[in-house]
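Student: need coordinates for the following:
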Amino acid sequence: MIKKHYWLLAFSLCLLFGCNLRQKEEDSINTLDKSNWVCKEITKDEICLPKDWIPIEQDNAYFFAYLDNNDKQTYFAILKYDVLKDNVNAKAYLNEMVDLLVNSDDEELFEGYTLNELKFIDKTSFYGEYYTQINGHQYFTYSMVIEYNKHLYEIALKVPRSKEEYYTTIFQKIITNFKIENKTLFNINDEILEERLFNLHD
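Tutor: Coordinates of the predicted model:
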């Protein structure tokens, strides 16, 4: 058992900034600057994001926003599926998603990924990092997938790979302030009972 193991920090902050800055980053992640962030209700859920991002209606997404730049390849999205009606679960969804990336015929070149299964006291989630390239432009996608209340959610943020470090804390703030039916889904103090690299098609 891993005591007081801070789930997303383990994969990003210690690598990027060093573990000695953990407390400072925890405080930062738990606090939203209301002058730069906005929280929006989506049916019974609530999502917080930078105020300058541009939400748009998107048929295939529960929530979708372009980032505050001129690159339409970068975006923030939440996908939501009914586990029973859509006959889907997290592992099958992840397998299909990566298969589509690998075998895609479009101009986006898939360069690799890492995927970690995180088991908490009351839930299991999958944190993924995906590397792609389009016409020489490199991209990095953060992804958190979880089943909750008979629904499957994917929270994804695609950014220029050169800005990966900048967007790490932003993604963490989004995740730890996401509420489903007024319940915060992830807490920065959540304890991980088990973590492992997840191999697709296991």
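Student: quick one: low-confidence ranges for the chain?
Tutor: The chain contains residues with pLDDT under 70 at 1-30, 105, 201-202.
Student: so where do the helices sit in it?
Tutor: Under the criterion DSSP state H, the chain contains helices at 13-16, 22-30, 90-103, 164-176.
Student: and the last one, what other elements does it pack with?
Tutor: When contacts are defined as 3 or more Cβ pairs under 8 Å, 6 or more residues apart in numbering; DSSP states H and E, helix 164-176 packs onto helix 13-16, helix 22-30, strand 45-50, strand 137-148, strand 151-160. The C-beta positions use only the backbone N, C-alpha and C, and glycine is treated the same way.
Student: now the longest one: buried residues?
Tutor: To tie it back to what came earlier, the one meant is strand 137-148. 139, 140, 141, 142, 143, 144, 145, 146, 147, 148 (16 or more other Cβ atoms under 10 Å).
Student: list the contacts of it.
Tutor: Strand 137-148 has contacts (Cβ atoms under 8 Å, 6 or more residues apart in numbering) with 71, 73-74, 83, 89-90, 93-94, 111, 123-133, 152-162, 164, 167-168, 171, 175, 180, 185-186.
Student: now restrict these to buried residues only.
Tutor: By 16+ other Cβ under 10 Å, the contacts of strand 137-148 give 73-74, 83, 90, 93-94, 125-132, 152-160, 164, 167-168, 171, 175, 180, 185-186 as buried.
Student: what's the closest of the buried residues of strand 137-148 to residue 199?
Tutor: Nearest to residue 199, judged by Cβ to Cβ, of the buried residues of strand 137-148 is residue 145 at 15.2 Å.
Student: quick check: that closest one vs residue 115, distance?
Tutor: 9 Å (Cβ to Cβ, to the nearest Å).
Student: overlap in contacts, these two.
Tutor: Here residue 145 and residue 115 share the contacting residues 94, 126, 128, scored by Cβ under 8 Å, 6+ apart.
Student: using JSON lines, lay out these together with distance to residue 45.
Tutor: Listed next are these as JSON lines, based on distance: Cβ to Cβ, whole Å:
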{"residue": "94", "distance to residue 45": "22"}
{"residue": "126", "distance to residue 45": "19"}
{"residue": "128", "distance to residue 45": "21"}
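Student: the residue lying closest to residue 102 once chain neighbours are set aside: neighbouring residues, count only.
Tutor: Once flanking residues are discounted, residue 102 sits nearest to residue 110: 5.4 Å by Cβ to Cβ, 6 or more residues apart in numbering. Number of residues near residue 110 (other Cβ atoms under 10 Å) recorded here: 15.
Student: quick check: residue 110 touching residue 134?
Tutor: No. Between residue 110 and residue 134 there is no contact under Cβ atoms under 8 Å: 10.6 Å.
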